[in-house]
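Undergrad: Sequence first, then the predicted structure:
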Amino acid sequence: MPNTKKTTQTATAYPTVEQYDRWKSRANEMDMSMSEFIQAMTEAGLKKFERDRPDEAFQEVRRQRDEYYRQRQEAEARVRQLEKQLQRTERGDIEDYIQNNPGVDVQEIIQHLLNDVPSRVADYLDDLETAGTIKQEGDQYYFNAEG
């Protein structure tokens, strides 16, 4: 649509003489009128500001990244806590055995732990199955890739 009085609006700017001369020189280089040049450069400037403003999709990806990072931190903390509990369980059992059997030697401690292995394994398997890490089919256990 051609620019007519009905389709255009006057806008006034007051650049410095140096700015105006620079704009006029650039407009001539681009074979544009001053009006066309000012319109084009104003639109280009507006697009730059729109591009510099983070869009909602980028902000959503950043929010998700931060959430996943927080979840990972929590999971790592939970793993460390469980590993400490496991160590304390084995260690605590040895401490209790020594406390209840003063003067016990290493072989007796080892034998005590060996005697307790079947019940520990059953408990560990139950925990792993409950957590969905493994699945049992008959007397056989399989890693649960879905868990």
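TA: Cool, got the structure. Residues are numbered from 1 along each chain as shown.

Undergrad: From here on, just use CA atoms for contacts and neighbour counts.
TA: Fine.

Undergrad: Now Tyr141: closest residue in space, sequence neighbours ignored.
TA: Closest residue to Tyr141 apart from its sequence neighbours, by CA to CA, 6 or more residues apart in numbering: Lys135 at 5.7 Å.

Undergrad: Assign Glu136 to helix, strand or coil.
TA: Careful, residue 136 is Gln; it's not Glu. For Gln136, the assignment made with DSSP: H, G, I helix; E, B strand; the rest coil gives strand.

Undergrad: Next, the buried residues of the helix or strand of the chain with the lowest mean pLDDT.
TA: Least confident helix or strand, the chain: helix 34-52 with a mean of 82, by mean pLDDT, DSSP states H and E. Buried residues in helix 34-52, counted by 16 or more other CA atoms under 10 Å: 34, 37-38.

Undergrad: which strands and helices sit next to the next helix or strand after that helix?
TA: Scanning forward in sequence from helix 34-52 by DSSP states H and E, the next helix or strand is helix 56-100. Judged by 3 or more CA pairs under 8 Å, 6 or more residues apart in numbering; DSSP states H and E, the packing partners of helix 56-100 are helix 106-131.

Undergrad: If we use 6 Å, what do you get?
TA: Packed against helix 56-100 by the contact rule (3 or more CA pairs under 6 Å, 6 or more residues apart in numbering; DSSP states H and E) you find no helix or strand.

Undergrad: circling back: so the residue nearest to Tyr141 bridges to which residues?
TA: Bridge pairing for Lys135 (DSSP bridges) gives the partners Tyr142.

Undergrad: and the residue most central in space within the chain, how far is that from Arg72?
TA: For the chain, Arg65 is the residue whose C-alpha lies nearest the centre (CA atoms, centre = their mean; 2.9 Å). Arg65 is 10 Å from Arg72, where distance means CA to CA, to the nearest Å.

Undergrad: now Glu56
TA: Taking CA to CA, one finds Glu56 at 24 Å from Arg72.

Undergrad: out of those two, which sits in the more crowded spot?
TA: Arg72 (12 against 9; other CA atoms under 10 Å).
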